[in-house]
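> okay, predicted coordinates and the sequence, questions at the end:
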2 protein chains.
Amino acid sequence: MEKVDIKRLARELNLSISTVSRALRDSHEISDSTKKKVFELARQLNYQPNPHASSLREQRTKTIALIIPEVANNFFSLVIDGIESIAAEKGFHVLIYLTHEKTEKEVEFVRQLSNGRVDGILMSVSGLGQSITHLEDLMQKNIPLVFFDRTPDELDVPKIITDDRDSSFRATEHLIQCGCKKIVHVSILRQMSISDKRKQGYLDAINKHGLPEMVLDCSIDEEETYQLIKTCIREQKPDALFASLERLAIAAYYVCGELGLNIPGDLKVLSFSNLQTASLLNPPLTTVTQSAFDMGAAATKQLFRLIKGQEIDERTITIRADLIRRKSTSCD
Amino acid sequence: MEKVDIKRLARELNLSISTVSRALRDSHEISDSTKKKVFELARQLNYQPNPHASSLREQRTKTIALIIPEVANNFFSLVIDGIESIAAEKGFHVLIYLTHEKTEKEVEFVRQLSNGRVDGILMSVSGLGQSITHLEDLMQKNIPLVFFDRTPDELDVPKIITDDRDSSFRATEHLIQCGCKKIVHVSILRQMSISDKRKQGYLDAINKHGLPEMVLDCSIDEEETYQLIKTCIREQKPDALFASLERLAIAAYYVCGELGLNIPGDLKVLSFSNLQTASLLNPPLTTVTQSAFDMGAAATKQLFRLIKGQEIDERTITIRADLIRRKSTSCD
DNA sequence: CTGTTAGCGCCTTCAC
DNA sequence: GTGAAGGCGCTAACAG
């Protein structure tokens, strides 16, 4: 099948290439009759402009890149959904890159994208706290760039984050209002600003109400975490656990099963979680859930503002997390 | 910051553009000393070739497109992971398009991709059984195309599928070996070849062992499904349910809770499911799980064969599903 | 209103 | 071993 490009259309219609080009872009300086003929043939032959030729010529690609640590995870899946929705709406294409938490892959992707492949980049950082020189280089290039969820504190860039401290505060107060007096915050020690903020929200609420600060710092090791939680429940006898991360909640959940504790009767368990199926657990867990779709959508909109060269009024946008109460764990 | 392209390298090194181009591609007709100088400067300035210029010139983009119905779903997340892994390994880029089950979006995406944006397309069809003229058009264009999971039976194209009938057969035999004698297959009526194959596997196993065929066809309506299952359990008193789809298993799971039936003590529940967290249910469910990552990887490898113009020996590749037994539901 | 021309950045014949 | 020139498909400035 013969290639269908502008040249072909021009030849078949006995017009010049530029006339066809202008007609296709609905230029006002082309007669209606010509436009009609061009459109008609284009439709008939199903003409689609070659995007690489346009990109090269116009120096804009109508494509954005998304760099994330992983995708087998409800949070990032929903984020992709939000991003794709907005992008498709604006006629943009989305390239996806997975780092699998490896900073070196992130560096490599960023390097590859630094030469006009895309109009902008959305990114959730892999090894936070690691070197960010590659990100600084990227900023130098003046490529529109928006971070979301896992964002580098050190850089002054547009970012979309969750209101971790506030939602943690609200969640803790929720437990307090349910009558809990000994609330343990299950966290991890790894340096991660996100955990710190959640811990802070917990502490603020606890102190506001004059309750005892009970923080349990777990480790990366699954088994050790499991034991730490078990010991904590046995010795401190809390009436509520507030987990900073999903996997900590799951661990707590199983420890409760082992100890024969009923949730939420004997012990309330509340967690930050994006696991859609937290509601499938029996009993279901009450969760603080990030609005992943909204984060993706907000990040993309912000990126488009940068691409269009618009001024950005808020460099940091905060998306509120939802406190989702499962029926059987509600306090009322 | 001044743009860094071949021209710039050439100018700074007092070489011609073509020499630099050849040096960068490590051509044998360039002296080692020149190559070294070129590489050195390229590294120093972090030169990255403009991909659109290359694509235009070489008529190949090192990019593939992935069209899927949705992503907020463990199966497709893992598929993306598999695809991205193989693609990244080969230096390819992946564009992602979500149809949200709308055939018209699928048609639109396919149309957009038909003019050289990508070297090949991976696709899981939305609205199976609907019109496939857009897919036929795509095949006409001779653009490499591989289907996976949801594939159009009508077309003779490379496809990656799950061994639905066989795994269903194996799963049913597993239940039989556990001593079950009244096994209900919970399915849906909607015309979908995938359900039919699973039903067939069940029937084959049942008939082989001379047990009664007990098929419960549910509806799309959630509430109705729920009632149908409840009635079935009450009246037919099966000793096992084998769900064809995840959501049917979840429904069955909750019905059991309501009826006070223990899983798997009173009733075994087994299901086709890609929900990673099926193991989090309490009790966990035994599942037949598609090897999503492997499907993505296999599809991508197949696509690369087509892109390279290699002959394809098997047009249909079958990926085995895994029977994942949860500890507490194992029969032994 | 329409056509001619000159690139976008890269690769590749063809010449020397 | 290196350089000059043409063109991938498209757009836009400049002519008529």
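Done, it's in. Numbering: from 1, shown residues only, chains lettered A, B, ... in the order given.

> thinking A:Pro158 is in contact with A:Arg315, fair?
Yes: between A:Pro158 and A:Arg315 there is a contact at 5.2 Å, judged by CB atoms under 8 Å. For the C-beta atoms, the positions are set from N, CA and C on the backbone; glycine is no exception.

> what about those two, which has more around it?
Neighbours per residue (other CB atoms under 10 Å in any protein chain shown) separate A:Pro158 from A:Arg315, with A:Pro158 holding more: 20 against 11.

> quick one: the helices in the stretch 151-300 of chain A?
A:164-177, A:193-208, A:222-236, A:246-259, A:292-307 (DSSP state H, counting those that start in this stretch).

> so A:Lys197 touches A:Asp164, yeah?
Yes: the pair A:Lys197 and A:Asp164 passes the contact test of CB under 8 Å, sitting 3.9 Å apart.

> of these two, who's got more company?
Legend: neighbour count by other CB under 10 Å for A:Lys197 and A:Asp164, higher for A:Asp164 (23 against 19).

> ok, now which ones touch the more buried one?
If you count contacts by CB atoms under 8 Å, 6 or more residues apart in numbering or on different chains, A:Asp164 has them with A:194, A:197-198, A:201, A:321.

> CSV for these, including distance to A:Val186 and pLDDT?
What follows is the contacts of A:Asp164, written out as CSV (distance: CB to CB, whole Å; pLDDT from 0 to 100):
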residue, distance to A:Val186, pLDDT
A:Ile194, 14, 80
A:Lys197, 15, 90
A:Arg198, 10, 93
A:Gly201, 14, 95
A:Ala321, 17, 93
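
> of these, which is the most crowded?
A:Arg198 (27 neighbours).

> check the helices of the stretch 151-300 of chain A for me: which has the lowest mean pLDDT.
The stretch with the lowest mean pLDDT among the helices of the stretch 151-300 of chain A is helix A:246-259, at a mean of 83.

> buried set for it?
A:246-253, A:255-256 (16 or more other CB atoms under 10 Å in any protein chain shown).

> okay, now whichever residue of the stretch 151-300 of chain A sits closest to DNA strand D: neighbour count?
With CB to the nearest atom of the strand as the measure, A:Thr300 is the residue of the stretch 151-300 of chain A nearest to DNA strand D, at 23.7 Å. Using other CB under 10 Å, the number of residues around A:Thr300 comes to 28.

> so where does A:Ile91 fall, helix or strand?
Ile isn't right for residue A:91; it's Gly. Secondary structure here is read from DSSP states H and E; on that basis A:Gly91 sits in neither a helix nor a strand.

> quick check: phi and psi on it?
With angles defined as degrees, to the nearest 10, A:Gly91 sits at phi 70, psi 20.

> same check on A:Leu56?
Dihedral pair for A:Leu56: phi -60, psi -50, per degrees, to the nearest 10.

> what sits against it?
A:Leu56 makes contact with B:50, B:52-53, B:56, according to CB under 8 Å, 6+ apart.

> so which of those residues sit within helices?
Members of these lying in helices (criterion: DSSP state H): B:52-53, B:56.

> just send the residues you listed back as a markdown table, with distance to B:Leu13 and pLDDT too.
Listed next are the ones in helices among the contacts of A:Leu56 as a markdown table, based on distance: CB to CB, whole Å; pLDDT from 0 to 100:
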| residue | distance to B:Leu13 | pLDDT |
| --- | --- | --- |
| B:His52 | 24 | 97 |
| B:Ala53 | 20 | 96 |
| B:Leu56 | 25 | 96 |
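
> from the residues you listed, pick the one nearest A:Asp149.
B:His52 (29.9 Å; CB to CB).

> residues in contact with that closest one?
So B:His52 contacts A:52-53, A:55-56, A:61, A:116-117 (CB under 8 Å, 6+ apart).

> near DNA strand D, which residues of the stretch 151-300 of chain A?
Proximity of the stretch 151-300 of chain A to DNA strand D (CB under 7 Å from any atom of the strand) involves no residue at all.

> now the stretch 151-300 of chain A against DNA strand C: closest residue?
Proximity of the stretch 151-300 of chain A to DNA strand C (CB to the nearest atom of the strand) peaks at A:Val157, 25.2 Å away.

> with the stretch 201-332 of chain A instead?
A:Ile307 (17.8 Å).

> what does the stretch 101-250 of chain A have sitting close to chain B?
Contact residues, the stretch 101-250 of chain A versus chain B (CB under 8 Å from any CB of the partner chain): A:105, A:111-112, A:114-117, A:137, A:140-142, A:250.

> reformat these as TSV; add secondary structure.
Formatted as TSV, those follow (DSSP: H, G, I helix; E, B strand; the rest coil):
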residue	secondary structure
A:Lys105	helix
A:Arg111	helix
A:Gln112	helix
A:Ser114	coil
A:Asn115	coil
A:Gly116	coil
A:Arg117	coil
A:Asp137	helix
A:Gln140	helix
A:Lys141	coil
A:Asn142	coil
A:Ile250	helix
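
> can I get the buried part of the residues you listed as one PyMOL selection?
Command for PyMOL, covering only those of those found buried under the criterion 16+ other CB under 10 Å:
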select buried, chain A and resi 105+112+114+115+116+117+250
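
> which residues does A:Thr316 contact?
Per CB under 8 Å, 6+ apart, neighbours of A:Thr316: A:158-161.

> next, give phi and psi for A:Ser16.
phi -80, psi 160.

> show me the contacts for it.
A:Ala10.

> spatially central residue for chain A, please.
What sits nearest the mean C-alpha location of chain A, by CA atoms, centre = their mean, is A:Val79, with 4.6 Å.

> just to revisit the earlier point, for the buried residues of helix A:246-259, which one is nearest B:Ala171?
Looking across the buried residues of helix A:246-259 and measuring by CB to CB, the closest to B:Ala171 is A:Ile250, at 26.5 Å.
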